[in-house]
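# pasting a predicted model and its sequence here:
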2 protein chains.
Amino acid sequence: MQEHCSRFDVTLATVAHVAGIRERARAEHTAEIVRLARQQLDLDGAANLSLRAIARDLGMASSAIYRYFASRDELLTRLIIDSYDRLGKAVETADRMVKRRKDYMGRWRAMAFAIREWAVANPAEYSLLFGTPVPGYAAPQDTIGPASRYTIALIQLTVEMEAAGHSATETVPTALRRDYERFRDQFAVPASDQMLMKGMAAWASVMGAINLELWGHLHNVVDTPGALFEAVVELQGQQLISGTSAQSRTSNSA
Amino acid sequence: MQEHCSRFDVTLATVAHVAGIRERARAEHTAEIVRLARQQLDLDGAANLSLRAIARDLGMASSAIYRYFASRDELLTRLIIDSYDRLGKAVETADRMVKRRKDYMGRWRAMAFAIREWAVANPAEYSLLFGTPVPGYAAPQDTIGPASRYTIALIQLTVEMEAAGHSATETVPTALRRDYERFRDQFAVPASDQMLMKGMAAWASVMGAINLELWGHLHNVVDTPGALFEAVVELQGQQLISGTSAQSRTSNSA
DNA sequence: TCGTGTATGCGAGCACTGCTCTCACTTTGC
DNA sequence: GCAAAGTGAGAGCAGTGCTCGCATACACGA
């Protein structure tokens, strides 16, 4: 009947009511489901993620999964949030590793490379975040927080650059000025329109280069996509730092 | 029994053996399947494309579809090839519409906008080409020809620019020089390493900006993604044309 | 003109999916 | 101690891609 949780019964029976046997079993089961889901994700991609397969791996009836996640989409949402968090963490630590905080080019490189390395190391997770959205799946509110984590790290860089005296002179389309105005209010970042625009352009470049590499559009074109990525980051970095004041434009920390 | 093809029977019975009644019916059926498939694609995305649903729309037994396409993947391949061809055509005509052939900035704008406009007008098809590949689906050789069509148009531009005296001075990572060498041989394009690199960076930017917009990563950030795209194209265009010789760097044709 | 081989469509069936519902059982809280 | 809530099993529904055997209609050579 309940052999499925015998593992937990044995360990938890002794501690009994200490924290609620049910509560703890639930937490462990949920974590186990997520773990198996991520494992399947890495093997077969999000499209092939199967609740029934997870249930089988878990030694459960497929219907029991629905006690923990109301639907496949809800499980996917959980995976998305987790992945955004991991990516954000990777980018943040990469930035923090750069000792000279005023070496903006070095920090830009570090973060851009961190995104790519995370993507290459976790292609299925990256695809889950940045690939074709599943039709009919609308990202719930819970995802937008974690989703912005890695971008905030990038924006922070541009803000610090401007505070240090860097400027940007590019013309900004009037249509975007309103967007940027709202953006500044919403996220409380004192970045100029020009800087935001260059930042977004750099962001798009980085993501575009990773996508092309990861989805196979560089096959038979470039054997060393890492080198191409490096060049793209360099070009975009120069554009970001153009109109520089005094700081160094080169570095070798990564 | 065969009411399903009555429409064809009536029209084709009269012409009889003129071109092989079977051959023509087969061609019409195949075209109809593709047509319905594309229709479904636009409505629900590639992930939800269902052979059974197509068969229903066609008034056929689901098993009969397999007389025309060996598998769902084969049908998808056909759709991919068609879509690449349409995209390529859109880009080529956009380029051809620019009267002043030496207005390289204008031609760059025209082609970049053509890609985005095609993507926005056909999001499902664009996703099919540039989104997450279906795990386990390996793009067959047949696709690489059509896939390169739109890129060749872009590369052609850089070649013409260089022929007109434009130069690029960016440093190219040594790892990429071999790739570019092979690329020149394979496609017989006399573009310098520097120019190819700038071209690829511009390509990545454009695709990245479109992806961010189309997959919803600009929601609550930019209300007018078209304007952002325009700015990205402008920035990348300037970088492409930097080190310019004499030609105009601005235009207003699109 | 008459077979014969081939192309085609149908329907049943297999193995899989997400998801729902009912029923039995266990833990929890009063 | 007992009712309420939580949890798992199992059957079942509707859908999927795909295969196989069978019947029929066309194409082509004798």
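Structure received.

# flag every buried residue along stretch A:224-236.
For stretch A:224-236, burial by neighbour count (16 or more other Cβ atoms under 10 Å in any protein chain shown) applies to A:225-236. In this view, the C-beta of every residue, glycine as well, is placed from N, C-alpha and C.

# what residue ranges in the stretch 151-254 of chain A score low on pLDDT?
For the stretch 151-254 of chain A, applying pLDDT under 70 flags the ranges A:243-254.

# in it, which residue sits closest to DNA strand C?
A:Trp215 (23.4 Å; Cβ to the nearest atom of the strand).

# ok so, going back, quick one: which of the buried residues of stretch A:224-236 sit in helices?
A:225-236 (DSSP state H).

# circling back: what's the burial count for the residue of the stretch 151-254 of chain A closest to DNA strand C?
Counted by other Cβ atoms under 10 Å in any protein chain shown, the residues lying close to A:Trp215 total 22.

# how about A:Arg107?
By other Cβ under 10 Å, neighbour count at A:Arg107 equals 27.

# out of the ones in helices among the buried residues of stretch A:224-236, which one sits closest to B:Leu49?
Distances from B:Leu49 to those, taken as Cβ to Cβ, are shortest for A:Pro225 (29.6 Å).

# excluding its backbone neighbours, what's nearest that closest one?
Once flanking residues are discounted, A:Pro225 sits nearest to A:Glu213: 4.0 Å by Cβ to Cβ, 6 or more residues apart in numbering or on different chains.

# OK, contacts around the closest residue to chain B within the stretch 151-254 of chain A?
Per Cβ to the nearest Cβ, the residue of the stretch 151-254 of chain A with the smallest distance to chain B is A:Gly208, at 2.1 Å. Taking Cβ atoms under 8 Å, 6 or more residues apart in numbering or on different chains, we find A:Gly208 in contact with B:203-209, B:211.

# mind doing that once more with 6 Å?
B:204-205, B:207-208 (Cβ atoms under 6 Å, 6 or more residues apart in numbering or on different chains).

# pLDDT value on the closest residue to A:Val206 other than its chain neighbours, please?
Nearest non-adjacent residue to A:Val206, counting by Cβ to Cβ, 6+ apart: A:Ala112, 5.0 Å away. On pLDDT, A:Ala112 comes in at 98.

# you'd agree A:Ala112 is up against A:Ala209?
No. Judged on Cβ atoms under 6 Å, A:Ala112 makes no contact with A:Ala209 at a distance of 9.1 Å.

# if we can go back for a sec, distance from the chain centre to the one helix or strand the residue nearest to A:Pro225 maps to, please.
Secondary structure from DSSP states H and E places A:Glu213 in helix A:193-214. Helix A:193-214 sits 15 Å away from the centroid of its parent chain (Cα atoms, centre = their mean, to the nearest Å).

# CA atoms of it as PDB?
What follows is helix A:193-214, C-alpha atoms only, in PDB (Å, rounded to 0.1, in the frame of the first residue of the first chain):
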ATOM      1  CA  ASP A 193      18.500  56.300 -21.800                       C
ATOM      2  CA  GLN A 194      21.700  56.000 -23.800                       C
ATOM      3  CA  MET A 195      23.300  53.700 -21.400                       C
ATOM      4  CA  LEU A 196      20.200  51.500 -21.100                       C
ATOM      5  CA  MET A 197      20.000  51.300 -24.900                       C
ATOM      6  CA  LYS A 198      23.600  50.200 -25.300                       C
ATOM      7  CA  GLY A 199      23.100  47.800 -22.500                       C
ATOM      8  CA  MET A 200      20.100  46.200 -24.100                       C
ATOM      9  CA  ALA A 201      21.900  46.000 -27.400                       C
ATOM     10  CA  ALA A 202      24.800  44.200 -25.700                       C
ATOM     11  CA  TRP A 203      22.300  41.900 -23.900                       C
ATOM     12  CA  ALA A 204      20.600  41.000 -27.200                       C
ATOM     13  CA  SER A 205      24.000  40.300 -28.800                       C
ATOM     14  CA  VAL A 206      25.100  37.900 -26.100                       C
ATOM     15  CA  MET A 207      21.900  36.000 -26.000                       C
ATOM     16  CA  GLY A 208      21.700  35.900 -29.800                       C
ATOM     17  CA  ALA A 209      25.200  34.500 -30.000                       C
ATOM     18  CA  ILE A 210      24.500  31.800 -27.400                       C
ATOM     19  CA  ASN A 211      21.200  30.900 -29.100                       C
ATOM     20  CA  LEU A 212      22.900  30.500 -32.500                       C
ATOM     21  CA  GLU A 213      25.500  28.300 -31.000                       C
ATOM     22  CA  LEU A 214      23.300  26.200 -28.800                       C
END
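
# buried set for stretch A:25-37?
Quick answer for stretch A:25-37 (16+ other Cβ under 10 Å): A:25, A:29, A:32-34, A:36-37.

# could I get the average pLDDT for it?
For stretch A:25-37, the per-residue pLDDT averages 97.

# check whether that stretch comes near DNA strand D.
Yes. Stretch A:25-37 reaches DNA strand D (Cβ under 7 Å from any atom of the strand) through A:25-26, A:29.

# stretch A:157-175 near chain B anywhere?
Yes. On the criterion Cβ under 6 Å from any Cβ of the partner chain, stretch A:157-175 is in touch with chain B at A:173, A:175.

# between the two ends of that stretch, how far is it?
Chord length of stretch A:157-175, first to last residue, is 24 Å (Cα to Cα, to the nearest Å).

# what does stretch A:123-136 give?
23 Å.
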